[in-house]
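Asker: Need coordinates for the following:
(2 chains)
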Number of protein chains: 2
Amino acid sequence: MTAMRTLATASRAATRIMARATTAQKRAALSNLAAQLADQAEALAAENRADLEAAKKAGLSAALLDRLRLDVSALVRAVREIAALPDPVGQVTESWRRPNGLDVQRVRTPLGVILLVYEARPGVTVDAAALCILSGNAAILRGGSEAARTNAALAARVADALVAAGLPREAVQTVPTTDRAALAELLALDGLIDLAIPRGGEGLLAFVAEHARVPVLKHARGVCHVFLDASADPEMSTRIVVNAKAQRPGVCNAAECLLVHEVAAPALLAHVGRALADAKVELRAEPRALALLRQADVPAIAATETDFGREFLALTLAVKVVTSLDDALAHIERYGSLHSEAIVTNDLANARRFTREIDASCVLVNASTRFNDGGELGLGAEIGISTSKLHAYGAMGLRELTTTRFVVTGDGQVRI
Amino acid sequence: MTAMRTLATASRAATRIMARATTAQKRAALSNLAAQLADQAEALAAENRADLEAAKKAGLSAALLDRLRLDVSALVRAVREIAALPDPVGQVTESWRRPNGLDVQRVRTPLGVILLVYEARPGVTVDAAALCILSGNAAILRGGSEAARTNAALAARVADALVAAGLPREAVQTVPTTDRAALAELLALDGLIDLAIPRGGEGLLAFVAEHARVPVLKHARGVCHVFLDASADPEMSTRIVVNAKAQRPGVCNAAECLLVHEVAAPALLAHVGRALADAKVELRAEPRALALLRQADVPAIAATETDFGREFLALTLAVKVVTSLDDALAHIERYGSLHSEAIVTNDLANARRFTREIDASCVLVNASTRFNDGGELGLGAEIGISTSKLHAYGAMGLRELTTTRFVVTGDGQVRI
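Answerer: Purely as a prediction, here's the structure:
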């Protein structure tokens, strides 16, 4: 048996114990984990500094460095929050009685073995482990080489926490190599791995799509738009656009394109554009928007066609004037990535059309695109944001790591 | 553009109209369809007879012939039942308010383009079309060559019914060829096809698994067990086992293996075995079961190791005596196919363990395995039974053809 098959077989064996573990046992593992992370915060931060320094030397982008940075106290909080969430396993999501007297229940059950493939973001190691533990799954974590030291230190804490709670350390395993051939082999282990979740850049996603024979939930790029409708309030527009673009530009739910209704464009672009410029955002505008921005003395450059539909992951924003709500809907349909799309409006009919007609995992009215996040939406934590529609569309929390079985109880019924 | 890409592109274009179609419009299409099927029942039956005769000449198995047979009046009833089901699109499955005042909803939305790949069973053409129409999806139907005439006649009725309701005929398209290369091409159209559902034999499933680059829900084989516990009532056991095996042996939720607790085996095997023999079921028993059956003068032959874990799809049943509930659980874990598993018992603790520990899409207590079916479970109709866990595990009805989007409404909230 190859090393990867041995690893996945151990995970599969661990699922049997994890699926039957009590909530108390799983919570104990998480509470151990939070305590250990807090205790060893300084040592973990040191490992992370080592990864960061190596990454800087290797010339990684600012966006990637941002994702690589570990915030141990945020992680401790996240684990404690996950531990406090309801255990989904065994939950009866629905039940009904059939005319023949059969009682039918749908009961939540773990998916099994979940393979997480991610780059940078060492926090995923802990988030994913905690979510998989509470949902009764086994996790195989395959992080990137740039975060290797941080990930290894975190994984050691997870293993200790499991064992201290009487659970198998194989419930959360890390892949001991970042070799792509090993990853390809794992992705082909249909029957041993129930779900692969890749989180990362286009290259990683393409690699996973090519090699996967197991089910995959894509956590893909976000080309998110904010549309300022004719009735948009200038203050609210400014607050939302600046937040959506500049609060954390290196992440997938950051805005990449601003659309402004032509009726309100002169006033809105002056107001919003000024604030964006103050936030050091480079504006790349099509001709109409460019003219209006320059009239208002807001610095901007001419956009090229490739600036639309592009994920900048930086303090750069494409800007366009649209002639109508339909024009905005058509632009988003063409360039959006089914991730997060926002409208700022006070027009009820337009809000209703936007929320009904935009196909995206999260459609927002008068709120920042940055809210498309499991924690912010109230799922407790997230294991990813799916931009494919099967199983989960959008932020995936604990529940999305489970499925339901039918449990049918009768007193001798047969089919006629 | 190739013929297959053109076809899928037309389906994709139809999804936009289908996703926004009103419930009234979609119901009108279904009611047109039911009326047309009823009107043309004789012509449809004639096409089916032609397919059946050709299949007989070609020497197809009895199980396949059974699946090929069309029951038009059952189909009319099924379409009327689907038309009466609640439209899932737009349903708010959950909503809550966040501490910052954001309102979060999860809203059901169609999956998009669904590719059905099936063999025999021409009724799937109508069932799948009706389910996809009401759930706002576009369907691409790829039936088998053995049902070509029946499928074509049914598809023509579907197209007419759509057009008469003002909906695009491209909402339900059939693949004009049963060529496997064309199927392989369709299965690779990631971005145009949102889900492929293969229903058929091992060969078809393996072909789909090999060529699919789009998400797949497997409707795989069923190796279903009935376990008669020590406390099983002999009358109830007989009723359930005979029904599970003999009511329709050619289908996936038919039982393939009988397990009997050793404590009750002498009495149960005599009683149940006699009834099975009367129903012309061939029993293939391991040594202990064989001895007990022969003692009771029930005809039986010795089972070989390959008779366990085998899908007979015929009036043949493997039989085994087990020493305990744990022994039964272990046997099912080893040989089961995650489909339908039943226990007959009056022991509450054992029923509880069986329903918690068996991993199968449907676990039944004191009821026939034949109830693992969308219609019988109360889902209205089914588009398949998934034996993979992602998105849907078990019978898939209307709701499993949708996903949910997040819709977030605020009054200017930004992330802090």
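
Asker: Skipping its backbone neighbours, what lies nearest the residue of the stretch 201-350 of chain A found nearest chain B in space?
Answerer: Residue of the stretch 201-350 of chain A nearest chain B, by Cβ to the nearest Cβ: A:Asn243 (3.6 Å). Backbone N, C-alpha and C define where each C-beta goes, glycine included. Leaving out its chain neighbours, the residue that sits closest to A:Asn243 by Cβ to Cβ, 6 or more residues apart in numbering or on different chains is B:Val414, at 3.6 Å.

Asker: Touching, that neighbour and A:Gln247? I think so.
Answerer: Yes. In this structure, B:Val414 is within contact of A:Gln247 by Cβ atoms under 8 Å, at 7.3 Å.

Asker: Spit out the residues that contact those two alike.
Answerer: A:368, A:370 (Cβ atoms under 8 Å, 6 or more residues apart in numbering or on different chains).

Asker: backbone phi and psi for the residue nearest to A:Asn243, please?
Answerer: phi -130, psi 160 (degrees, to the nearest 10).

Asker: burial count for it?
Answerer: 18 (other Cβ atoms under 10 Å in any protein chain shown).

Asker: And it, what's its pLDDT?
Answerer: The per-residue pLDDT reported for B:Val414 equals 97.

Asker: List the residues that contact A:Gln40.
Answerer: Taking Cβ under 8 Å, 6+ apart, one finds A:153, A:157 in contact with A:Gln40.

Asker: before we move on, what about A:Glu382?
Answerer: A:Glu382 neighbours (Cβ under 8 Å, 6+ apart): A:127, A:373-375, A:395-397.

Asker: Now it: closest residue in space that isn't a chain neighbour?
Answerer: Using Cβ to Cβ, 6+ apart, the nearest residue to A:Glu382 is A:Gly374, at 2.4 Å.

Asker: From chain B, how far out is the one you found?
Answerer: Counting by Cβ to the nearest Cβ, to the nearest Å, the gap from A:Gly374 to chain B is 10 Å.

Asker: and if you look at A:Arg16?
Answerer: From A:Arg16 to chain B the distance is 9 Å (Cβ to the nearest Cβ).

Asker: Name the helix or strand for that residue, please.
Answerer: Using DSSP states H and E, A:Arg16 maps to helix A:3-20.

Asker: what helices or strands is whichever helix or strand comes after that helix leaning on?
Answerer: Toward the C-terminus, helix A:3-20 is succeeded by helix A:23-39 as the next helix or strand (DSSP H and E). Helix A:23-39 sits against helix A:72-83, helix A:123-134, helix A:148-164, with contacts defined as 3 or more Cβ pairs under 8 Å, 6 or more residues apart in numbering or on different chains; DSSP states H and E.

Asker: And the ones you listed: which comes nearest chain B?
Answerer: helix A:72-83 (13.1 Å).

Asker: quick one, that closest one and helix A:23-39 angle?
Answerer: Orientation of helix A:72-83 against helix A:23-39 (axes from the mean of the first three to the mean of the last three Cα atoms, to 10 degrees) gives an angle of 170 degrees.

Asker: check whether the helix or strand following helix A:72-83 contacts chain B.
Answerer: Remark: after helix A:72-83, the chain's next helix or strand is strand A:92-97, criterion DSSP H and E. Yes. Against chain B, strand A:92-97 shows contacts by Cβ under 8 Å from any Cβ of the partner chain at A:Trp96.
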